[in-house]
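In: sequence first, then the predicted structure, then my questions.
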Amino acid sequence: MKIKVTSEKHNPLLKRREVVFEVDHKQAGSTPPRLQVRKELASLLKSDLGLVYVKRLETRTGTMVAVGEANAYDSVEDAKLVEPGYVIARNVPSVTPEKEERAREKPREMPEEKPKEVKVKEAAEKGEEVKETVEKSEEKKEGESE
């Protein structure tokens with residue numbers, strides 16, 4: 001993946017550098033992930049990773065070249081004041097430490113469903129009418145599958 005900055009403009013009012021760039025991704029094949037482009041762009045602009053926000057990244061049809069826009073801010077506070085929330089959310093890694101920990105945990109097992117004979121026996125012990133109980137449980141199952 002090679003990144004080429006096609007234009008760079010300093011915006012003193014918003015305290016940021018506005019960058020238009022091209023990403024040649026012939027080796028990778030598909031459009032590279034936004035976070036990978038963000039890291040490369042931050043190193044190319046000699047800026048901190050937390051100050052660079054990729055606004056747009058789009059591969060041109062029929063090519064292996066993606067065109068994008070990014071903003072490199074002077075401080076995180078300036079970025080949070082100016083950048084829309086959805087752009088900030090797109091530039092945050094999708095795997096946070098909490099999500100990673102949850103993924104490692106053993107998944108919860110679903111309780112086993114009792115066979116019909118057990119349900120009928122329990123219903124008979126409670127003094128309920130057996131036929132209705134079996135029909136109700138079968139109706140619930142049919143309603144869940146639809």
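Out: Thanks, I have it. Note that the coordinates shown come from a computational prediction; the quantities given were computed from them, not determined experimentally.
In: who's in contact with the closest residue to Lys26 other than its chain neighbours?
Out: In space, and not counting its chain neighbours, Lys26 is closest to Met64: 4.5 Å by C-beta to C-beta, 6 or more residues apart in numbering. Heads up, the C-betas are built off the backbone N, CA and C, glycines and all. For Met64, the contact set (C-beta atoms under 8 Å, 6 or more residues apart in numbering) comprises 24-26, 29.
In: can you classify Val20 by secondary structure?
Out: strand (DSSP: H, G, I helix; E, B strand; the rest coil).
In: what's near enough to touch it?
Out: Taking C-beta under 8 Å, 6+ apart, one finds 5-8, 67-69 in contact with Val20.
In: please redo it, this time with the cut-off set to 6 Å
Out: 6-7, 69 (C-beta atoms under 6 Å, 6 or more residues apart in numbering).
In: the closest residue to Ser7 other than its chain neighbours and Lys126, how far apart?
Out: Excluding the flanking residues, the one nearest Ser7 by C-beta to C-beta, 6+ apart is Val20, at 4.5 Å. Separation of Val20 from Lys126 (C-beta to C-beta, to the nearest Å) stands at 73 Å.
In: next: Val52.
Out: 66 Å.
In: between those two, which one's more packed in?
Out: Set Val52 next to Lys126 and count neighbours by other C-beta atoms under 10 Å: Val52 wins out with 25 against 8.
In: Three-state assignment for the residue nearest in space to the middle of the chain, please.
Out: Taking C-alpha atoms, centre = their mean, the centroid of the chain lies closest to Ser94, which sits 4.7 Å from it. Following three-state DSSP, Ser94 is assigned to coil.
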